[in-house]
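**Student:** Could you look at this predicted model? Sequence included:
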Amino acid sequence: MADPAADLPEAANRRFASGAFTSGLTVPDFAACLQMGLEPVGYVQGFCVMQWGWYGINSPYRRGLSPYGGGQGGYMESWQCPHGFVSAEHRSWGQNYQQSWVEDAWGEGFGNAYSRMLEEAVALGAHGVVGVVDTSDRLGDLGVLEFHVRGTAVKVDGAAGPPGGQPWTTYLAGQRLAKLIEAGYVPVSVAAAVSSVRVWAYCMTEYLLEGTNSSWGVAQAGAEITQVASAQMAARQIARERVRSQMAGDSLHGAEMVVSDRELGQGDQEIQCLLRGNRVKRFKDFDPMPVPHPTVRLS
Amino acid sequence: MTPEPPLGGAPREPLDIKAETRRAVDALHNQAHKKDSMTSDLSIDEELNLHSIGWEPVELVCGVSLFSVPMGVWNWGQGEISWASAAYAHAFEGAIARIHRECAKAGGHGVVGVEVERSIHRHHIDVTLLGTAVRPVGAKRVDAAQVFVSDLSARDFTLLQVSGWQPLGLAVGASFVYAPRRSIGVAMQQKSQNVELTNFTEAMYSARESAMERMQSSALSMAGTGVVEVKVTEGPMDFARHAVGFAAWGTVVRLAGDSHRTLQPSMVVPLDDPRAAFEATALRGK
């Protein structure tokens, strides 16, 4: 393994060598970590700024002419117009497809920031990083996305170095981390993935979204908008598959799913789903706690 | 009454958390670990609660449905806006059917902690359900029709089970109603007065009664005896201020055994009151 410190800014190396520790933990979390034998050694961070220009005028991924042209592998579904006539305004076909290049770019940005944070943890000789926080923010209207991953590097009293020299990581800290371990799980890493599904509406989807589902001027009863429902389900499914592919048989705990959609043009929509959580592995057999005793607080 | 057999594990000795942490971290070196793959959005507290009653999380599952509302149905009219009410019910049905299928496919017996997201647009109503499929530890698969969906947290699900009740599903009811126009004379008369707008009050009552009745009918159709944690939303539509909507949903429950098991909570006085701990004036005797 290359010397991680060689890749770090000179100021970071100087800071790590200063002798004082830094930490992003709250005081209760700090106290709980000490109780568990986790010694904070430094507040470690990683950044990555990615160009985000997938929808520009010269992008090959804008709406094409062929109903079968959008596929780049992965999820794709097509819809055909049931009306049997063709005109410039009439959307005779529609398509949902997975934008794997968007997902890969997000993965690269997050992965770079994450591995840079780990480099700092390795430079500090840490066993793990607790209380990880990750953010991804658009920088103005520049089509630029900034990834920032940070957490508190910790050493474990008397433990051997982490397997493969790679510190474990978790979004948890303090009491919640203690309870995770008491429940028989050990944190392996944080896990996160984004899925992106593009929806090019066909005529029926457009009519239903605009309420113009009429037949010769007579309003029809409502109907399910299956193309968009299908895309929404697919976005969530793909995110889960992507995170599951990072699990290697371990479990995802405390997952958080955030879904956003945005209109890129009329009848042109992108659905993004971010899923993140803690990859954990069981280190002892299932051993349930006793049933909690109900209490009433007198305050 | 015969005491129920205890659930969960036996009382434990206090754990040496420092030694346990060392043991856990050392276990990372062991490659041959048990494959125990699951995904869950539950907190560790919720998972421990589930474990204590012999249940386990299986998979993060979801259901989404969008149902269209035809053009013109929000225009001025009288009575219920039945197409909008029906669209709301269909959107929920679609989302519930999908989360049932995902849960059954994952091997779950039910879904707990379901987050219900609804959005009502002029031309479509969207419903999204997201939760964690759960099952009794090691239980066999069940059919999608036998799966329950509940918006109760895992903690409340545990409490419900310990009390001898079981969740059966989500009951939903909604109604959208036109607030009738006032006559010009009445509108002019009321213009500068502080008076009740009875047309809106009556519309709201009408919507409420229909929605609550639908929710209760839904509960009865599941053979439930009641609905807990009912949430309601009401008010005029942003895009049609003359139309009011009322929606209610909650978890249908029924007794699993012969009778309710009474819990006897202990009263505790927490000693972590931040005001008492950090109030600087207290140090000066004020």
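**Tutor:** Yep, that arrived. Being a predicted model, the structure only gives us computed values, none of them experimental. Numbers count the residues shown, from 1 in each chain, chains lettered A, B, ... in the order given.
**Student:** how about the residue nearest the centre of chain B, what does it touch?
**Tutor:** The centre of chain B sits closest to B:Asp151, judged by Cα atoms, centre = their mean, with a distance of 2.2 Å. B:Asp151 makes contacts with B:113-116, B:131, B:170, B:229, B:231, B:249-251, as judged by Cβ atoms under 8 Å, 6 or more residues apart in numbering or on different chains. Backbone N, C-alpha and C define where each C-beta goes, glycine included.
**Student:** Please convert those residues to JSON lines, extending it with distance to chain A and pLDDT.
**Tutor:** Shown next, in JSON lines, are the contacts of B:Asp151 (distance: Cβ to the nearest Cβ, whole Å; pLDDT from 0 to 100):
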{"residue": "B:Gly113", "distance to chain A": "11", "pLDDT": "96"}
{"residue": "B:Val114", "distance to chain A": "13", "pLDDT": "97"}
{"residue": "B:Glu115", "distance to chain A": "9", "pLDDT": "97"}
{"residue": "B:Val116", "distance to chain A": "14", "pLDDT": "97"}
{"residue": "B:Gly131", "distance to chain A": "11", "pLDDT": "97"}
{"residue": "B:Leu170", "distance to chain A": "18", "pLDDT": "97"}
{"residue": "B:Glu229", "distance to chain A": "17", "pLDDT": "96"}
{"residue": "B:Lys231", "distance to chain A": "21", "pLDDT": "97"}
{"residue": "B:Trp249", "distance to chain A": "19", "pLDDT": "97"}
{"residue": "B:Gly250", "distance to chain A": "22", "pLDDT": "97"}
{"residue": "B:Thr251", "distance to chain A": "19", "pLDDT": "98"}
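**Student:** mind listing which of those residues are in strands?
**Tutor:** Counted as lying in strands by DSSP state E, out of these, are B:113-116, B:131, B:170, B:229, B:231, B:249-251.
**Student:** By neighbour count, sort out the buried ones in those residues.
**Tutor:** With neighbours counted by 16 or more other Cβ atoms under 10 Å in any protein chain shown, the ones in strands among the contacts of B:Asp151 contain buried members at B:113-114, B:116, B:131, B:170, B:249-251.
**Student:** Kindly indicate whether the residue nearest to the centre of chain B is helix, strand or coil.
**Tutor:** Classification of B:Asp151 using DSSP: H, G, I helix; E, B strand; the rest coil returns coil.
**Student:** Identify the residues contacting the closest residue to it other than its chain neighbours.
**Tutor:** Setting aside the residues directly before and after it, B:Asp151 is nearest to B:Val114 in space (Cβ to Cβ, 6 or more residues apart in numbering or on different chains), at 4.5 Å. B:Val114 is in contact with B:99, B:129-131, B:149-151, B:170, counting by Cβ under 8 Å, 6+ apart.
**Student:** Let me know the closest of those residues to A:Gly222.
**Tutor:** Checking the contacts of B:Val114 against A:Gly222 by Cβ to Cβ gives B:Leu129 as the nearest, at 19.7 Å.
**Student:** Give the bridge partners for that closest one, please.
**Tutor:** B:Gly63, B:Val116 (DSSP bridges).
**Student:** Then A:Val49?
**Tutor:** A:Glu146.
**Student:** Can you report how many residues lie near it?
**Tutor:** A:Val49: 16 surrounding residues under other Cβ atoms under 10 Å in any protein chain shown.
**Student:** Distance check, it against A:His148.
**Tutor:** Distance of A:Val49 to A:His148, computed by Cβ to Cβ, to the nearest Å: 10 Å.
**Student:** again, but for B:Ala87
**Tutor:** Distance from B:Ala87 to A:His148, by Cβ to Cβ: 42 Å.
**Student:** Between those two, which has more neighbouring residues?
**Tutor:** Taking other Cβ under 10 Å, B:Ala87 and A:His148 do not tie; B:Ala87 has more neighbours (27 against 16).
**Student:** The more buried one: helix or strand, and which one exactly?
**Tutor:** Element membership for B:Ala87, per DSSP states H and E: helix B:82-106.
**Student:** And A:Pro40, by the same measure?
**Tutor:** Using DSSP H and E, A:Pro40 falls within strand A:38-51.
**Student:** Would you mark the buried spots in that strand?
**Tutor:** A:38, A:40-46, A:48-50.
**Student:** before we move on, what about stretch B:45-64?
**Tutor:** Using 16+ other Cβ under 10 Å as the test for burial, stretch B:45-64 gives B:45-64.
**Student:** go on, stretch A:75-84?
**Tutor:** For stretch A:75-84, the buried set under the neighbour-count rule, 16+ other Cβ under 10 Å, comprises A:75-79, A:81.
**Student:** Quick check: the gap between A:Val228 and chain B.
**Tutor:** From A:Val228 across to chain B, the span is 5 Å (Cβ to the nearest Cβ, to the nearest Å).
**Student:** so that residue sits in a helix?
**Tutor:** Yes. Counting by three-state DSSP, A:Val228 is found in a helix.
**Student:** May I have the phi/psi pair for the residue nearest to it when sequence neighbours are not counted?
**Tutor:** Using Cβ to Cβ, 6+ apart and skipping the chain neighbours, the partner closest in space to A:Val228 is B:Leu66 (5.2 Å). Recorded main-chain torsions at B:Leu66 are phi -120, psi 130, according to degrees, to the nearest 10.
**Student:** so who does B:Leu66 touch?
**Tutor:** Here B:Leu66 is in contact with A:224-225, A:228-229, A:232, B:91, B:124-127 (Cβ under 8 Å, 6+ apart).
**Student:** Give the PyMOL command for selecting the buried subset of those.
**Tutor:** Listed next is the PyMOL selection for buried residues among these, using 16+ other Cβ under 10 Å:
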select buried, (chain A and resi 224+225+228+229+232) or (chain B and resi 91+124+125+126+127)
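**Student:** Tell me which two of the contacts of B:Leu66 sit farthest apart.
**Tutor:** Of all pairs in the contacts of B:Leu66, the most separated under Cβ to Cβ is A:Gln232 and B:Ile125 at 13.6 Å.
**Student:** which SS class is the closest residue to chain B within the stretch 51-200 of chain A?
**Tutor:** Per Cβ to the nearest Cβ, A:Val186 is where the stretch 51-200 of chain A lies closest to chain B, at 3.8 Å. Using three-state DSSP, the structure places A:Val186 in strand.
**Student:** wait, is B:Met234 part of a strand?
**Tutor:** Residue B:234: Glu, not Met. Yes. Under three-state DSSP, B:Glu234 sits within a strand.
**Student:** Report how many residues lie close to the closest residue to it other than its chain neighbours.
**Tutor:** In space, B:Glu234 comes closest to B:Phe246 once its chain neighbours are excluded; the distance is 4.4 Å by Cβ to Cβ, 6+ apart. The number of residues packed near B:Phe246 is 24, by other Cβ under 10 Å.
**Student:** Point me to the helix or strand that includes B:Phe246.
**Tutor:** Counting by DSSP H and E, B:Phe246 is found in strand B:240-255.
**Student:** what are the pairing partners of that strand, and which direction each?
**Tutor:** According to DSSP bridges, strand B:240-255 has these partners: strand B:165-178 (antiparallel), strand B:226-237 (antiparallel).
**Student:** Please consider this matter closed, and thank you.
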